[in-house]
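[1] Structure, please.
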Amino acid sequence: MPSNCMFCHYASPAELLRLWRLHPERYAEWEAAEARKLAQPRNQHGPNMAVFGKVTLPERLAQAQVSHGHLSDAELDELRFSRGHHVRSRG
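    Residues are numbered from 1 along each chain as shown. Below you'll find the model as predicted:
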């Protein structure tokens, strides 16, 4: 069974869009967690960073909607399971 990590800072824009479409409650949970983190005071190493560095989840989602918004849910699934650690094994 492929990994189903939903809050991954390595998520591609297509994977983020898929999460938002198919699991909106989980996306909202992740966005709220990021907002709480960013609201914290600076630490000794500098300001807190967003999940994707300086790009927040809502900003990354907006980018994903522009670049992948035309894809159907089935096409997003195919992208997700066609490469990397999500590849379906045969046999």
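
[2] Cys8: neighbour count?
    14 (other CB atoms under 10 Å). C-betas here are computed from N, CA, C, even on glycine.

[3] That one is in what secondary structure piece?
    Under DSSP states H and E, no helix or strand contains Cys8.

[4] ok, for it, nearest residue in space, not its chain neighbours?
    Nearest residue to Cys8, sequence neighbours excluded (CB to CB, 6 or more residues apart in numbering): Glu15, at 7.6 Å.

[5] Which single helix of the protein contains the most residues?
    As assigned by DSSP state H, the longest helix anywhere in the chain is helix 24-39.

[6] ok, the most centrally placed residue in the chain - contacts?
    The residue lying closest to the centre of the chain (CA atoms, centre = their mean) is Leu16, at 3.3 Å. Counting by CB atoms under 8 Å, 6 or more residues apart in numbering, Leu16 touches Tyr27, Leu57, Arg60, Leu61, Ala64.

[7] residues in contact with the second one?
    With CB under 8 Å, 6+ apart as the criterion, the residues that contact Leu57 are Leu16, Tyr27, Trp30, Glu31, Glu34, Ala50, Val51.

[8] Just give me the closest of the residues you listed to Ser72.
    Among the contacts of Leu57, Leu16 lies closest to Ser72 (CB to CB), at 16.2 Å.

[9] And that closest one, how far from Met6?
    Using CB to CB, to the nearest Å, Leu16 is found at 10 Å from Met6.

[10] returning to that earlier point: isn't the residue nearest to Cys8 right up against Arg80?
    Yes - counting by CB atoms under 8 Å, Glu15 does reach Arg80; the two are 5.7 Å apart.

[11] any chance you could map the helices in the chain?
    13-22, 24-39, 57-68, 73-80.

[12] now those helices as a markdown table including mean pLDDT and distance to His45?
    Output for the helices of the chain, formatted as a markdown table (pLDDT from 0 to 100; distance: least, CB to CB, whole Å):
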| stretch | mean pLDDT | distance to His45 |
| --- | --- | --- |
| helix 13-22 | 94 | 26 |
| helix 24-39 | 94 | 14 |
| helix 57-68 | 96 | 21 |
| helix 73-80 | 89 | 33 |
